[in-house]
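Q: sequence and computational prediction follow.
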Amino acid sequence: MARDLAIDLGTANTLVWARGKGVVFNEPTVVARDERSGGVLEIGTAASNMIGRTPGHIVAERPLRGGAITDFDTTSQMIRGLLRRVGVGRLRRTRVLISVPSAITPVERRAVEQAAEQGGASQAYLIEQPMAAAIGAGLPIEQPVGNLVVDIGGGTSEVAVISLGGVVTHRAVRVGGFDLDAALQQYVRREHAVAIGERTAEQLKMAIGSAYPQAEEPKAEIRGRELATGLPKLLTISSEEVREALDDAIEQVVQAVVETLGACPPELAQDILEEGIRVVGGGALLPGLDARIAQETNVPVRILDTPLETVVMGAGRAMEELERNRHLFKID
Ligand SMILES: Nc1ncnc2c1ncn2[C@@H]1O[C@H](COP(=O)(O)OP(=O)(O)OP(=O)(O)O)[C@@H](O)[C@H]1O
Ligand SMILES: [Mg+2]
């Protein structure tokens, strides 16, 4: 029997699902390379720990930006390294289904398929991310019913209405978790004249960030570097400040949802009003995001239990019924 794998190659995180096992890999999408030999040193968490700490000849980078593949070679290396890590070899046939951003070009599509095949996959299939997200969210995508899914990832937020196994309307904005972190860095620099790192910003967002006022609004202490003196500085930041810093980026995501609803045929809009909006992706974990979207759309919102795994679980479920689901995949 062939081995089946599903891969969610995200801007921030890569997950792999194996049939009969569930999620077998869940690490940052980072590749570390030795520039002198061109060889890959590490992928995933080990490579991520090298970011910002490498000597000149080693490069640790994220091959995807804004949800798109910006660097083919590194993306191929990531896929090949990934397949090696989960034990794909030439001995056993392996079918791989990879979820890709819906904005991917035909050339990029071929590149992803080729990378999977070079990495040892006997067959590679692609599925659009919003489709995988909707399947993972348990929505009845084959029914003549409107299903609205919002996927807030690291580099992009995608909003899609799906009915009868196809995407009816779709919006993508290049705003994701990384942009929230960047907005927070800018805010602290502007308001407190202190520079903080990307990781510090992300930790601050996860610790006290929100998209809507919360019952408890704690403060947090962060470390940065004072711009005037260049010396380390300890700073106290409030929940309100973090919310204010994130607001513009969050509003762009909310507006994409509003626009998608506006572009939706009336019958489907009616279904969505009854069924609600499903939010997946790491951004869904930001407290108050559901309340914020619900307030601005007047539609109930549901955050899924494990939003970081929804896409790969959906791709896995599609894989389990590969033959029946062929029409959902982009197969040339
Ligand atoms: N508790 C949390 N609160 C806020 N944001 C969070 C939380 N946990 C994770 N995130 C954010 O979620 C983002 C990663 O989400 P996810 O893994 O869904 O992205 P991705 O699938 O790799 O990216 P994309 O779909 O854009 O290609 C990161 O920016 C991270 O900071
Ligand atoms: Mg994603």
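A: Received the coordinates, thanks. Ligands and ions are numbered 1, 2, ... in the order given.
Q: which parts of this structure sit against ligand 1?
A: 10-13, 67, 151, 153-156, 176-178, 202, 205-206, 209, 281-283, 285-286, 308 (CB under 6 Å from any ligand atom). Just so you know, the C-beta spots here come from the backbone N, C-alpha and C atoms, and that holds for glycine as well.
Q: can you select the buried ones from these in ChimeraX?
A: Listed next is the ChimeraX selection for buried residues among the residues of the chain next to ligand 1, using 16 or more other CB atoms under 10 Å:
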select :10,11,12,13,67,151,153,154,155,156,176,177,178,202,205,209,281,282,283,285,286,308
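Q: which residues in the stretch 1-150 of the chain form helices?
A: According to DSSP state H, counting those that start in this stretch, the stretch 1-150 of the chain carries its helices in the segments 45-48, 72-85, 106-118, 129-136.
Q: ditto for the stretch 151-300 of the chain
A: Ranges of helices in the stretch 151-300 of the chain, per DSSP H, counting those that start in this stretch, are 177-192, 198-208, 239-262, 266-275, 289-297.
Q: of all those, which lies closest to ligand 2?
A: helix 177-192 (9.8 Å; CB to the ion).
Q: pull the CA atoms of the closest one into CSV?
A: The C-alpha coordinates for helix 177-192 follow below in CSV (Å, rounded to 0.1, in the frame of the first residue of the first chain):
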residue,chain,number,x,y,z
GLY,A,177,0.9,37.4,12.3
PHE,A,178,4.3,38.6,11.1
ASP,A,179,2.8,42.0,10.2
LEU,A,180,1.2,42.2,13.7
ASP,A,181,4.7,41.7,15.2
ALA,A,182,6.2,44.3,12.9
ALA,A,183,3.4,46.8,13.8
LEU,A,184,4.2,46.2,17.5
GLN,A,185,8.0,46.8,16.9
GLN,A,186,7.2,50.1,15.1
TYR,A,187,4.8,51.2,17.9
VAL,A,188,7.4,50.6,20.7
ARG,A,189,10.0,52.4,18.6
ARG,A,190,7.8,55.4,18.0
GLU,A,191,6.1,55.7,21.4
HIS,A,192,8.9,54.6,23.7
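Q: for that helix, list every residue counted as buried.
A: Applying 16+ other CB under 10 Å to helix 177-192 flags 177-181, 183-185, 187-188, 192 as buried.
Q: and the furthest pair within these?
A: With CB to CB as the measure, no two of the buried residues of helix 177-192 lie farther apart than Gly177 and His192, at 22.0 Å.
Q: skipping adjacent residues, who's closest to the closest residue to ligand 1 within the stretch 1-150 of the chain in space?
A: Closest to ligand 1 within the stretch 1-150 of the chain is Gly10: 2.2 Å, counting by CB to the nearest ligand atom. Nearest non-adjacent residue to Gly10, counting by CB to CB, 6 or more residues apart in numbering: Gly153, 5.5 Å away.
Q: identify the residues contacting the one you found.
A: Going by CB atoms under 8 Å, 6 or more residues apart in numbering, Gly153 touches 10-12, 67, 176-177, 281-283.
Q: at 6 Å instead, please
A: 10-11, 176, 281 (CB atoms under 6 Å, 6 or more residues apart in numbering).
Q: now Arg3. Nearest residue, chain neighbours left out?
A: Thr94 (4.5 Å).
Q: meant to ask about Leu5
A: Val96 (4.9 Å).
Q: and the residue in the chain sticking out farthest from the centre, how far from Ile208?
A: Farthest-out residue of the chain from its mean C-alpha position, per CA atoms, centre = their mean: Thr229, at 37.3 Å. Per CB to CB, to the nearest Å, Thr229 is found 26 Å from Ile208.
Q: I figured Leu304 was touching Val279, is that so?
A: No. Using CB atoms under 6 Å, Leu304 makes no contact with Val279, being 7.2 Å away.
Q: in terms of neighbours, single out the busier of these two.
A: For Leu304 and Val279, the more surrounded residue by other CB atoms under 10 Å is Val279, and the numbers stand at 29 against 19.
Q: tell me the contacts of the more buried one?
A: Going by CB under 6 Å, 6+ apart, the list of residues near Val279 reads 150, 303.
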